[in-house]
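Novice: coordinates only, sequence not included:
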């Protein structure tokens, strides 16, 4: 599919390069056809592979001779051109007639240039039975001892010079746009059915030579023209917002297309195009007409010598291009980048006597390494070996040269250097061209970039740097169990008659005691508040014990919490048994969220008679939540036998797998994503960076599962520590702890109090 051999194949290839069928390319079919024609025309007129030299034979006809020999003002082939101008004196006009012979032959439209035509006649010197050459062979050379060969060669050269002076080249005129070859010759001396041979150039027809459609220049140029046309079509919609606030970016697409076209045409002029002035020696003719300084052959020779020199005296380094993962749409600031490709290439170390720069500097924050290195890479090697792979990546904006911000892994010191500046004109245009890039690099300071080149020697350089949080993970959870207690005369439902207002704390709910006198039969409940429109009131009241042996609805009193006006009443059920409370037999461990409590249906009842319980979780003391208690949301009715209670499992019963370096992990409840820096399975410590990457959340919940999106590893969070005191770029905790040894304000004012 990537090697088109037809016109439609080239069009389909271009659409895929621009994003189809994932994206809709807004270019009309007629526009596409025009751009294909423009591409082929530019290729034929400029690219040296777009034409071929050929020899055409033409048979002279009587019509050609009649048109060529026509004279005077009348006759076959005479064309009259009239010029008219107003008389200077203002009286009348002046008309002039001009006459021109049609002494031309029509040539095919694919012919774009004519060099010459071969001679029509044979001079007495060089051709015919009575030519001097024939007579020499006939009379002298049959006997080799009669004439010296050197004498013969000199004589022949002398005669050819005479022939050149006496028999001149035929004068011709040709213009590609006319498709006419004018022959300024003696047409009267020509004979019908004789041939002339035309030395010319013709444009390759892609329908005949299918490889034209697969030419790299044709494909790249056509894609750039399409991108420009696509952007031009969308420019009028600039500022139009799509759902979600996205704006059409026609101007950016157009500018990208224009920039690519300029780069391709520049490359065409330097590498593939033969300038028209080359036929007279180009601009070097002004210096010396006998030397062509800076020809492509000489430039290729210099480039080959430089490539060989770098392979002999250079060092093999690893070039790592920076890819922009997330970029601000306002000021084009790079917010996140990654390095996941690597290319081995030879580079010459200009600073051969050691690293330059400020070296190792002792600062108030510790030792700072400020080494620098200058490297030289072959322009041809980069453009042919690295640039095509970078060009295929959508995350790389510029691929034709090394870029500032890319990394170089220097194997001698096993260090990563960042390119700070690329010099492309030093040496300055030797023989009219440049051959190398000089890269000025500084020691790379890691921030939060993703470095995942699949080369351990590179990736491990930053494995222990830059993480901003740690997760204490455990892989063992336990299901909680509970026993329901049945009784009659229990509170069936609590009615919140007034939710009150002005609460600043949790109010106390008091329920009058049961007539049975047993403390276990006394109903208890807790209140939950909520804030709406800056007013805090009671949202609901849940029973922790529905009570038993009540013969009349008990009194409910709400007090405390800083609020007023709250009131509630209740109803009781004395006709049957219900679940009055739940007794925890095992609180379980490892709950990130409150589990679901399911109570069995009464043996003599229906599903709507089922009791409903709500679990409450809390810290078990080891960083994991457990089920502290179960509220009675609905005691149910008609229980004649002991009910059964089922509590759902925690998120993770047993952790599995191994987290991989640089993979993305995600909290299964919070949705927060982060990138793995280090995983110690023995201690359960997961070091992470880029917390919140790709999401709007920025934290993990205690007890939730953490899943590796690549490895599939799954463990639960015990402790989420966002304060990393081991980061070499964050020494705040160390400074604070050391300062406390001198002056500590945490317990008292060391300067006394008034």
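Specialist: Received, thanks. Every value quoted in this text rests on a predicted model; they were computed, and no experiment measured them. Numbering: from 1, shown residues only.

Novice: Buried residues, the top helix by length along the chain. List them.
Specialist: If you go by DSSP state H, the chain has its longest helix at helix 216-235. Of the residues in helix 216-235, 217-234 count as buried by neighbour count, 16 or more other Cβ atoms under 10 Å. Heads up, the C-betas are built off the backbone N, CA and C, glycines and all.

Novice: what distance separates it from the centre of its chain?
Specialist: 18 Å (Cα atoms, centre = their mean, to the nearest Å).

Novice: hmm, who's touching it?
Specialist: Helix 216-235 has contacts (Cβ atoms under 8 Å, 6 or more residues apart in numbering) with 4, 10, 13-15, 17-18, 25-27, 31-32, 35-36, 38-40, 42-43, 47, 49, 212, 248-258, 260-261, 264, 268, 272.

Novice: from what I can see residue 545 touches residue 632, true?
Specialist: Yes: using Cβ atoms under 8 Å, residue 545 is in contact with residue 632, at 7.2 Å.

Novice: More neighbours: these two, which one.
Specialist: The neighbour comparison of residue 545 against residue 632 (other Cβ atoms under 10 Å) goes to residue 632, with 29 against 23.

Novice: Now that one: closest residue in space, sequence neighbours ignored.
Specialist: residue 543 (4.2 Å; Cβ to Cβ, 6 or more residues apart in numbering).

Novice: who's the one you found bridged to?
Specialist: Residues in a beta bridge with residue 543, per DSSP bridges, are residue 525, residue 632.

Novice: Can you give me the distance of it to residue 525?
Specialist: Counting by Cβ to Cβ, to the nearest Å, the gap between residue 543 and residue 525 amounts to 5 Å.

Novice: and for the two, which residues touch both?
Specialist: Going by Cβ under 8 Å, 6+ apart, residues that sit against residue 543 and also against residue 525 are residue 494.

Novice: sorry, back to before: give me the common contacts of residue 545 and residue 632.
Specialist: Common contacts of residue 545 and residue 632 (Cβ under 8 Å, 6+ apart): 580, 581.

Novice: one step back: got the contact list for the residue nearest to residue 632?
Specialist: Counting by Cβ under 8 Å, 6+ apart, residue 543 has contacts 491, 494, 523, 524, 525, 581, 631, 632, 633, 635.

Novice: closest to residue 571 among those?
Specialist: residue 491 (7.3 Å; Cβ to Cβ).

Novice: so which strand or helix has that closest one?
Specialist: Residue 491 belongs to strand 490-501 when assigned by DSSP states H and E.

Novice: any idea how far that strand is from the chain center?
Specialist: Per Cα atoms, centre = their mean, the centroid offset for strand 490-501 relative to its chain is 60 Å.

Novice: which other helices and strands contact it?
Specialist: On a contact count with 3 or more Cβ pairs under 8 Å, 6 or more residues apart in numbering; DSSP states H and E, strand 490-501 meets strand 535-545, strand 564-573, strand 578-586.

Novice: try 7 Å this time
Specialist: The contact analysis (3 or more Cβ pairs under 7 Å, 6 or more residues apart in numbering; DSSP states H and E) places strand 490-501 against strand 535-545, strand 564-573.

Novice: who wins for proximity to residue 307 among those strands?
Specialist: Evaluated over those, closeness to residue 307 peaks at strand 535-545, with 77.1 Å, by Cβ to Cβ.

Novice: quick one: buried residues of that closest one?
Specialist: Buried, per 16+ other Cβ under 10 Å, within strand 535-545: 536, 537, 538, 541, 542, 543, 544, 545.

Novice: Nearest to residue 689 among these?
Specialist: residue 536 (39.5 Å).

Novice: Which residue comes closest to the closest one once chain neighbours are left out?
Specialist: residue 503 (4.5 Å).

Novice: Show the contacting residues for that neighbour.
Specialist: The neighbourhood of residue 503, defined by Cβ atoms under 7 Å, 6 or more residues apart in numbering, consists of 529, 536, 537, 561, 562, 563.

Novice: mind redoing it with 6 Å?
Specialist: 529, 536, 561, 562, 563 (Cβ atoms under 6 Å, 6 or more residues apart in numbering).

Novice: could you point out where the stretch 51-200 of the chain is predicted with low confidence?
Specialist: The stretch 51-200 of the chain contains residues with pLDDT under 70 at 73-75, 88-91, 119-152, 163-169.

Novice: can you give me the helices for it?
Specialist: Counting by DSSP state H, counting those that start in this stretch, the stretch 51-200 of the chain has these helices, from start to end: 62-69, 132-139, 149-166.

Novice: What helix or strand is the residue nearest to residue 536 located in?
Specialist: Residue 503 belongs to no helix or strand, assigned by DSSP H and E.

Novice: re the thing from before, derive a PyMOL selection command for the buried subset of the contacts of helix 216-235.
Specialist: Selecting only the buried entries of those in PyMOL, with 16+ other Cβ under 10 Å as the criterion:
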select buried, resi 4+10+13+14+15+17+18+25+26+27+31+32+35+36+39+40+42+43+47+212+248+249+250+253+254+256+257+260+261+264+268
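
Novice: quick one: which of the contacts of helix 216-235 sit in helices?
Specialist: 10, 13-15, 17, 31-32, 35-36, 38-40, 42-43, 250-258, 260-261, 264.

Novice: Show me what the host helix or strand of residue 317 is packed against.
Specialist: Element membership for residue 317, per DSSP H and E: strand 315-320. Helices and strands touching strand 315-320, by 3 or more Cβ pairs under 6 Å, 6 or more residues apart in numbering; DSSP states H and E, are strand 343-349, strand 407-410.

Novice: now that strand, how far from the centre of its chain.
Specialist: 22 Å.

Novice: Check stretch 407-422 too.
Specialist: Counting by Cα atoms, centre = their mean, stretch 407-422 comes out at 23 Å from the chain centroid.

Novice: hmm, who's touching it?
Specialist: 317-318, 320, 339, 373, 402, 404, 406, 437, 439-442, 444, 458, 461.
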